[in-house]
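Trainee: Return atomic coordinates for the entry below.
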Amino acid sequence: MKLAVICMTGIAFIGTSNARAQAAGGAQPAASSYTSVNEEPFATVMARMSAAKNPIMQRQRDLLAARYDLADRRSDATMSGGKPVQGGVRVKLTGSLSWDELAAMTPAEIRRRGTFPAGFMPLPHPNHPEGGMIFPVFMIDEIKKQSGRDLTRFDLDFDLPDHVLPEFPAPIYLTTHPELGDVSQHQLVTLDNYYALFNGLLNPKQLEGLRLLLTPFAQQQFNATADRRSAHPSLGVACFDCHQNGHTNGATHLAGDARPQDIRHRIETPTLRGMNVQRLFGSQRALKTIEDFTEFEQRGAYFDGDPVIAVKKGVNVLDRGSQVHAMAEFQEILALPPAPKLDLYGRLDPARATAAELRGEAVFFGRGNCAACHAAPYYTDNLMHDLRTERFYEAATINGMRAVGDGQIKTPALRGIKDSPPYLHDGRLMTLDDTVEFFNLILGTRLSAQEKKDLTAFLRAL
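Mentor: Now for the predicted structure:
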């Protein structure tokens, strides 16, 4: 059985290339690499897209309901700030198959029979042809409360429920002040309170870097032009609108790496904790320094990777030698959360760990083959890997996104992983239990039910 192809609706990605069409022997014109700069009257765009919002969001809700069980089902574990960690496998299986029966099948057989779980497929943006940054309501409300700045889009809402997202506001741990623990004082850090919270804790350069990370600059959907997706002209967005408190709030966007629009990947905002132990940045970009990452985000990703539209909307050209460097310096002191059960080598202390966690550690470094990429003590190899997920399914168009495989993905650090749901680069996996099932299938490890349960317990201890 082939995977169902879901028709896309919404705003199409505009642009053609006659040269490429002619080269293809008169075929249908291909989509352009550039965003159209043709501008309709703002009132016309807002009226049309506001009217289309409910059907588009209902389509996304239907997709999520078909893929996942999104009930609020808490485990016994908590994130470092106290929010309960969601438990259980949420991805729905196809037909009457069990997870063990699915894992016993070859990739070719799964592909031929169409039994690859839909929740393991790439996850589309709520409106993939349109794309752009979308923020959870709790983030929108707090920013509006503190500063009056509104991150609401008139055309789209965020699509995942709050209980599967990171805690808010997230604790902040600093490598320079391990003795203090969480320095956020349980507040969302913004331009309104950063100086009172951090003056005296940071050196002047780090404090300036934090200020810039909190400063809103023009962005594709939030800007002062008529070509925006906010009801009123906007100052823009800040780095920490997505990376709240130097962590993540689960905000989503489309990666600026690929064209045409339909093959771009949804990105789930990664945490900035532990930047000092990483050597690659961006889930698929393989940027080599945190300075590269910071500059790329401001100049490129903010405008869907299109420098032409960036100039129109007000690109913020940061000075590399001072501003970018200061922003990077603050990011590099964002520490990983405490892991009291780990020893100096990043391994479990038998005196503190449970029997299930110790068994899970044995699976992680043994049959699970997890440590081949996620090496202790920070549980990353700082490399890119291609899981070749396309072995398991036929290419399909899903709500305007062309699912043709994932390509190379950066190995994330697993230290503190329980604080950063949802998982994988596009947030398609809601829980660590889902993640264990995903890799058990993709890697062909065929773990038992008990081994999978123990492995999840170990991941929660990191």
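Trainee: Now the element after the lengthiest helix in the chain, going C-ward?
Mentor: Ranked by residue count under DSSP state H, the longest helix found in the chain is helix 42-67. Once helix 42-67 ends, the next helix or strand along the chain (criterion: DSSP states H and E) is strand 74-78.
Trainee: Helix or strand: which one has the residue lying closest to residue 133 once chain neighbours are set aside?
Mentor: Distances taken as Cβ to Cβ, 6 or more residues apart in numbering put residue 253 closest to residue 133, at 4.8 Å, once the chain neighbours are dropped. All C-beta spots, glycine's among them, are computed from the backbone N, C-alpha and C. If you go by DSSP H and E, residue 253 is part of strand 252-254.
Trainee: pLDDT (mean, whole number) over that strand?
Mentor: Mean pLDDT, strand 252-254: 95.
Trainee: chain center to that strand, what's the gap?
Mentor: Per Cα atoms, centre = their mean, to the nearest Å, the displacement of strand 252-254 from the mean C-alpha position of its chain is 7 Å.
Trainee: one step back: could you check how far the longest helix of the chain is from the centre of its chain?
Mentor: Relative to the chain's own centre, helix 42-67 is displaced by 21 Å; criterion: Cα atoms, centre = their mean.
Trainee: same thing with stretch 92-104?
Mentor: On the basis of Cα atoms, centre = their mean, stretch 92-104 is displaced by 27 Å from the centre of the chain it belongs to.
Trainee: Break down this protein into its helices, ranges please.
Mentor: Ranges of helices in the chain, per DSSP H, are 18-23, 42-67, 99-103, 107-113, 137-147, 194-198, 204-213, 239-242, 290-299, 307-313, 325-331, 355-365, 432-443, 449-461.
Trainee: Which secondary structure elements does the shortest one sit against?
Mentor: Based on contacts counted as 3 or more Cβ pairs under 8 Å, 6 or more residues apart in numbering; DSSP states H and E, the elements that helix 239-242 packs against are helix 204-213, helix 290-299.
Trainee: now these in TSV, with mean neighbour count and mean pLDDT?
Mentor: Listed next are the helices and strands packed on helix 239-242 as TSV, based on neighbours: other Cβ atoms under 10 Å; pLDDT from 0 to 100:
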stretch	mean neighbour count	mean pLDDT
helix 204-213	19	98
helix 290-299	21	86
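Trainee: follow-up on the earlier one: which one of the helices of the chain lies closest to residue 270?
Mentor: With Cβ to Cβ as the criterion, residue 270 lies closest to helix 239-242 of the helices of the chain, at 9.3 Å.
Trainee: for the record, mean pLDDT for the closest one?
Mentor: For helix 239-242, the mean confidence score works out to 97.
Trainee: Residue 194 is in contact with residue 214, isn't it?
Mentor: Yes - in this structure residue 194 lies within contact range of residue 214 using Cβ atoms under 8 Å: 5.7 Å.
Trainee: Residues contacting stretch 372-387, please?
Mentor: 274, 277-280, 284, 286, 336, 342, 344-347, 364, 406-415, 417, 442, 462 (Cβ atoms under 8 Å, 6 or more residues apart in numbering).
Trainee: Separate out the buried members of these.
Mentor: Buried members of the contacts of stretch 372-387, counted by 16 or more other Cβ atoms under 10 Å: 274, 277-278, 280, 284, 336, 342, 364, 406-407, 409-415, 417, 462.
Trainee: and the residues you listed, which of them are in strands?
Mentor: Among these, DSSP state E puts 409, 410 in strands.
Trainee: Now do the contacts for residue 187.
Mentor: With Cβ under 8 Å, 6+ apart, residue 187 has these contacts: 169, 193, 197.
Trainee: Specify which member of those is nearest to residue 237.
Mentor: Closest approach to residue 237 among those (Cβ to Cβ): residue 169, at 17.2 Å.
Trainee: From what I see, that closest one and residue 248 are in contact.
Mentor: No - judged on Cβ under 8 Å, residue 169 makes no contact with residue 248 at a distance of 11.7 Å.
Trainee: tell me the contacts of residue 389?
Mentor: Going by Cβ under 8 Å, 6+ apart, residue 389 touches 120, 405, 406, 442.
Trainee: Tell me how the protein divides into domains.
Mentor: With domains defined by automatic domain parsing, the chain comprises 65-121+340-461, 137-331.
Trainee: Least reliable of these by average pLDDT, please.
Mentor: Note on the domains of the chain: domain 137-331 shows the lowest mean pLDDT, a mean of 94.
Trainee: Determine how far it lies from the middle of the whole chain.
Mentor: 12 Å.
Trainee: picking up where we left off before, tell me the most packed of the contacts of residue 187, by neighbour count.
Mentor: The residue in those with the most neighbours, by other Cβ atoms under 10 Å, is residue 169 (22 neighbours).
Trainee: Quick one: residues contacting the nearest residue to it once chain neighbours are set aside.
Mentor: The spatially closest residue to residue 169, leaving aside those adjacent along the chain, is residue 188, at 4.1 Å (Cβ to Cβ, 6+ apart). Taking Cβ under 8 Å, 6+ apart as the contact definition, residue 188 lies against 142, 143, 146, 168, 169, 244, 245.
Trainee: Just the buried residues of the residues you listed.
Mentor: 142, 143, 168, 169, 244, 245.
Trainee: In stretch 55-63, which residues are buried?
Mentor: Buried residues in stretch 55-63, counting neighbours by 16+ other Cβ under 10 Å, are found at 56, 57, 59, 60, 63.
Trainee: Would you format the residues you listed as TSV with pLDDT and distance to residue 266 included?
Mentor: Formatted as TSV, these follow (pLDDT from 0 to 100; distance: Cβ to Cβ, whole Å):
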residue	pLDDT	distance to residue 266
56	98	15
57	98	15
59	98	15
60	98	11
63	98	12
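Trainee: Among those residues, which one sits closest to residue 229?
Mentor: Among the buried residues of stretch 55-63, and counting by Cβ to Cβ, the member closest to residue 229 is residue 56, at 12.6 Å.
Trainee: That closest one against residue 129, yeah?
Mentor: No - if you go by Cβ under 8 Å, residue 56 and residue 129 don't touch, sitting 9.7 Å apart.
Trainee: Can you pull up the most central residue in this protein?
Mentor: The residue lying closest to the centre of the chain (Cα atoms, centre = their mean) is residue 268, at 1.2 Å.
Trainee: so what's that residue bridging to?
Mentor: Going by DSSP bridges, residue 268 is paired in beta bridges with residue 252.
Trainee: So that it lines up with my notes, have the first residue be 224 from now on.
Mentor: Sure, I'll start counting at 224 from here, so that last one is residue 491.
Trainee: quick one: residue 467 and residue 393 touch, right?
Mentor: Yes - Residue 467 is within contact range of residue 393, at 6.0 Å (criterion: Cβ under 8 Å).
Trainee: Of the contacts of residue 411, which is the nearest to residue 267?
Mentor: Nearest to residue 267 among the contacts of residue 411: residue 366, at 28.0 Å, using Cβ to Cβ.
Trainee: Can you tell me the closest non-neighbouring residue to residue 546?
Mentor: Distance criterion Cβ to Cβ, 6+ apart; nearest residue to residue 546, sequence neighbours excluded, is residue 435 at 5.8 Å.
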